[in-house]
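pasted the sequence and its predicted model underneath.
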Amino acid sequence: MPITAGEIVDRIKKNLGSAWRDATYRDTFKAGGPETEVKGIATTFMGTFEAIQHASAAGLNMIIPHEDTYWNDRDDVTIVNGDPLYKTKSDFLRQNNIVIFRMHDSMHAQRPDFIYEGLARDLGIAKTLETAPNSHRYTLPPTTLGELAAELKKKIGSRALRVVGDPGATVSRVQIGVGYATPPVNNAEVDVVISGEQQETDGTFDSPEYVLDAVTLGIAKGWIMLGHAISEEPGMWDLGEWLKTFISEVPIQLVRAGEPFWAPK
């Protein structure tokens, strides 16, 4: 039986483990609308043109990204509608009958949070090592900051991972953050923060500078910055697997937006 985007969104709201946030400006339709007939669903980190093209080629005309499509958090098209890239992108969406419905706030409201669960899994950090449910803190076998960073880089496949701290420092207590949600690195019970991204300075709390000062004082502290996309895209696979538990009419798959950054060799 045919199914519409509106019916899919209604099922998502019904099956959420938390109340839907009606006031959200993020979790709304960004292209197309609820009446669009859905042939297949693609989950992805953000609605890049490349990800959209790959989804369309695979016959997936409903895209559920975690982040924005039009280069700003509110997907406010009034600030981009004069840009030729916007015209090309929006024309492609319309011509190929593609509907985009973003899921951000509702995903982070889930317990457990799909995004955190996906990242920990792809980093190879076992759930049994978590110090308390949904704490995102783990006690790992002792290792050095340098060895830990190298291992995580290999497992997650990052091209531009960055690290602050003494590579030879012995560490074991880590806390995971995703996207901009960076845990406080000055927590006495945490040796290393593994996060998405954060300002290097002039932020609410300047974690890189704190780590540098800790190193100077001989305190084992570290910060491993994976990147926003790398930290959150694994959870979009989890979202797809969850959708499959109550949507069987159409195929559902992850289409990777991938890591935007690379480092010259």
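Right, received. Where do you want to start? Numbers count the residues shown, from 1 in each chain.

for Val211, see how far away the residue lying farthest from the centre of the chain is.
What lies farthest from the middle of the chain is Leu217; by C-alpha atoms, centre = their mean that is 34.1 Å. Distance of Leu217 to Val211, given as C-beta to C-beta, to the nearest Å: 11 Å. All C-beta spots, glycine's among them, are computed from the backbone N, C-alpha and C.

now Pro251: closest residue in space that isn't a chain neighbour?
Closest residue to Pro251 apart from its sequence neighbours, by C-beta to C-beta, 6 or more residues apart in numbering: Gly40 at 4.6 Å.

ok, the one you found - contacts?
Residues in contact with Gly40 (C-beta atoms under 8 Å, 6 or more residues apart in numbering) are 55, 58-62, 250-253.

which stretches in the chain count as helices?
Applying DSSP state H to the chain gives helices spanning 5-15, 49-57, 84-95, 105-109, 114-122, 145-156, 207-216, 228-232, 234-243.

confidence-wise, which of these is weakest overall?
Ranked by mean pLDDT, the helices of the chain end with helix 105-109 in last place, scoring a mean of 91.

for the most centrally placed residue in the chain, give me its contacts.
What sits nearest the mean C-alpha location of the chain, by C-alpha atoms, centre = their mean, is Glu232, with 1.8 Å. Listed by C-beta under 8 Å, 6+ apart, the contact partners of Glu232 are 45, 66-67, 115, 118-119, 178-179, 196.

redo those residues as JSON lines? Include neighbour count and distance to Gly82.
Listed next are the contacts of Glu232 as JSON lines, based on neighbours: other C-beta atoms under 10 Å; distance: C-beta to C-beta, whole Å:
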{"residue": "Phe45", "neighbour count": "27", "distance to Gly82": "27"}
{"residue": "His66", "neighbour count": "27", "distance to Gly82": "27"}
{"residue": "Glu67", "neighbour count": "21", "distance to Gly82": "23"}
{"residue": "Ile115", "neighbour count": "27", "distance to Gly82": "33"}
{"residue": "Gly118", "neighbour count": "22", "distance to Gly82": "37"}
{"residue": "Leu119", "neighbour count": "28", "distance to Gly82": "37"}
{"residue": "Val178", "neighbour count": "26", "distance to Gly82": "33"}
{"residue": "Gly179", "neighbour count": "21", "distance to Gly82": "29"}
{"residue": "Gly196", "neighbour count": "21", "distance to Gly82": "31"}
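
and the residues you listed, which is closest to Phe261?
Nearest to Phe261 among those is Gly196, at 11.9 Å by C-beta to C-beta.
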